[in-house]
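Q: here is my input; please provide its structure:
(one chain, ligands or ions: 1)
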Amino acid sequence: MSGARYIPIISLDTETTGLEPAIHAPWEIAWTTAIHDTAERTVTLMRRREFTLNLPSDVRTDPVGLEIGRFAERWSPGLDGWQMVEWLRVDVDELRDESFLSADEAPAAVHFVGAVPQFDHRMLERWLGWSHRLWHYHLIDVETLCAGRFGMTPPFDTVELTQLVLPGWDDSEKHTAAGDVRWNLAMYAAAYDAEVVDP
Ligand SMILES: [Mg+2]
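A: Here you go, the predicted model:
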């Protein structure tokens, strides 16, 4: 094994009004920060957040996209994007500080863990001005990670992959931002034979 012992990670997911970040925007976001201790094989959870977001005035909506996330049932006015970004900044800073305290050597950069994470990352950049330099440029896709680890070839079927990696996983919270964050972390931990620890 190479690399740092303590890896700060943030698992983040958005529910959006469609699939094109240029015109569609996030309406729900959740994240959990965690430290992956590669020696102890633990992923210890830190901050957990979940917000609905107010929609920008120039946003477009894709009815199919809204249906998938059950927008009509689940959305209510929440934070403006800039308010949410303040929380995200605070939590990423705290995560970085925590890994700095844990590490004997130079601390590892914060890594963004998600399912097709470039999608969520582009949404943050486009609508919220989030900068890529605030976390490592290697975005970690749990599906690719687990497909390689558990021997599934592309194209990946998410349901099959979940059954393979997390047998018996309850996916009733799929397509909610917080539910997808929990799944991301469980997949990430499985890929490294680690246990998710919720202190
Ligand atoms: Mg999602």
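
Q: check whether the strand or helix carrying E125 comes near the ion.
A: If you go by DSSP states H and E, E125 is part of helix 117-128. No: legend: contact between helix 117-128 and the ion by Cβ under 5 Å from the ion is lacking; minimum distance shown is 8.2 Å. Glycine gets a C-beta too; all of them are placed from N, C-alpha and C.

Q: flag every buried residue along that helix.
A: Residues of helix 117-128 classed as buried: 117, 119-124, 126-128 (neighbour count, 16 or more other Cβ atoms under 10 Å).

Q: so what does that helix touch, helix or strand wise?
A: In terms of contacts (3 or more Cβ pairs under 8 Å, 6 or more residues apart in numbering; DSSP states H and E), helix 117-128 is packed against strand 6-16, strand 26-37, helix 81-102, strand 111-114.

Q: turn the ones you listed into JSON lines, including mean neighbour count.
A: Listed next are the helices and strands packed on helix 117-128 as JSON lines, based on neighbours: other Cβ atoms under 10 Å:
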{"stretch": "strand 6-16", "mean neighbour count": "26"}
{"stretch": "strand 26-37", "mean neighbour count": "24"}
{"stretch": "helix 81-102", "mean neighbour count": "16"}
{"stretch": "strand 111-114", "mean neighbour count": "25"}
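
Q: rank the ones you listed by pLDDT, which is bottom?
A: Note on these: lowest mean pLDDT is at helix 81-102, with a mean of 90.

Q: what's the angle from it to strand 6-16?
A: Here the directions of helix 81-102 and strand 6-16 differ by 160 degrees (axes from the mean of the first three to the mean of the last three Cα atoms, to 10 degrees).

Q: need the residues of this protein near the ion, please.
A: Residues of the chain lying near the ion (Cβ under 5 Å from the ion): 13, 180.

Q: the residue in the chain that the ion sits nearest to: how many residues sit nearby?
A: Relative to the ion, the nearest point of the chain is D180 (3.6 Å; Cβ to the ion). Applying other Cβ atoms under 10 Å, we find 24 other residues in the vicinity of D180.

Q: please work out the average pLDDT along the helix holding E125.
A: In the prediction, helix 117-128 has an average pLDDT of 93.
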